[in-house]
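Colleague: Requesting a structural model of the entry that follows:
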Amino acid sequence: MTTAKAPWEEMISLGVPAVSPHSGGMKKLSICIPYFSGFGHTKRIAETIAEAIGDAARLLDVEALTDADWQALDQTDAIIFGAPTYMGSTAARFSLFLEEIDTRWEHGLWNDKIAAGFTTAIHPSGDKLAALQRLSIFAAQMGMIWIGPSDIGAPVKPGRPGLNRDGSWLGLMVTEQLGADEDLLPEDLETARRFGVRVLAATQRWSGQ
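Modeller: Sure thing, here's the model as predicted:
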């Protein structure tokens, strides 16, 4: 009779290094942030989230992924997906990245990783919800554990003006200020920072750290 392999044994058999849950070793926490940025706004949000997370964060431009980057994605504890909303969904280049992950879906390599997502657009709605639904459904198909923002801002909490001003709890939404001196408002950057802290805390809790 063939004994079913544990998930970490399956990863090793596929050439992906992993830490056995019985090895007694504590793996260093890792959070990858793969993103696509057409005009730099999504990249700035990704960088803000990474700064909030600290040393555990690894920024990954999906247009320049290396073998080492793919290995990092397979080994990481959490993945925060980031893409602008173009024509009612995630940008095509980011969707291509998601479709390149099909073999990892087949083998369950990303099962039980923490997942989260963020998107940007030039309109307060901009159909950003559709992009976040795309990301969260992808995470569900991959067997991941989805984390959304928790911040409530004004007018419900008047002392928090501008915090989570798009009122999104599925994922982080940012509205670009096209043509303004500040194309990304400080309030949106603060919301992104707090989102990064939240995902870090959830990952630590999920990983038992």
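Colleague: Quick check: the residue nearest to I152 when sequence neighbours are not counted vs I147, distance?
Modeller: The shortest distance from I152 to any non-neighbouring residue, by Cβ to Cβ, 6 or more residues apart in numbering, is to N164 (6.7 Å). Any C-beta I mention is one placed from the backbone N, CA and C, and that applies to glycine too. The gap separating N164 from I147 is 14 Å, by Cβ to Cβ, to the nearest Å.
Colleague: P158 now?
Modeller: 27 Å.
Colleague: which one of the two has more residues nearby?
Modeller: I147 (22 against 8; other Cβ atoms under 10 Å).
Colleague: What residues does the more buried one make contact with?
Modeller: I114, A115, A116, R198, V199, A202 (Cβ atoms under 8 Å, 6 or more residues apart in numbering).
Colleague: doesn't the residue nearest to I152 fall inside a helix?
Modeller: No. Applying DSSP: H, G, I helix; E, B strand; the rest coil, one finds N164 to be coil, outside a helix.
Colleague: picking up where we left off before, TSV for the contacts of I147, including neighbour count, pLDDT and distance to D151?
Modeller: Supplementary listing: those in TSV, determined by neighbours: other Cβ atoms under 10 Å; pLDDT from 0 to 100; distance: Cβ to Cβ, whole Å:
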residue	neighbour count	pLDDT	distance to D151
I114	23	98	18
A115	23	98	19
A116	31	98	13
R198	18	97	8
V199	27	98	13
A202	18	97	14
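Colleague: now those as CSV including distance to A56?
Modeller: Formatted as CSV, the contacts of I147 follow (distance: Cβ to Cβ, whole Å):
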residue, distance to A56
I114, 12
A115, 15
A116, 14
R198, 14
V199, 10
A202, 12
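Colleague: Cool, thanks, signing off.
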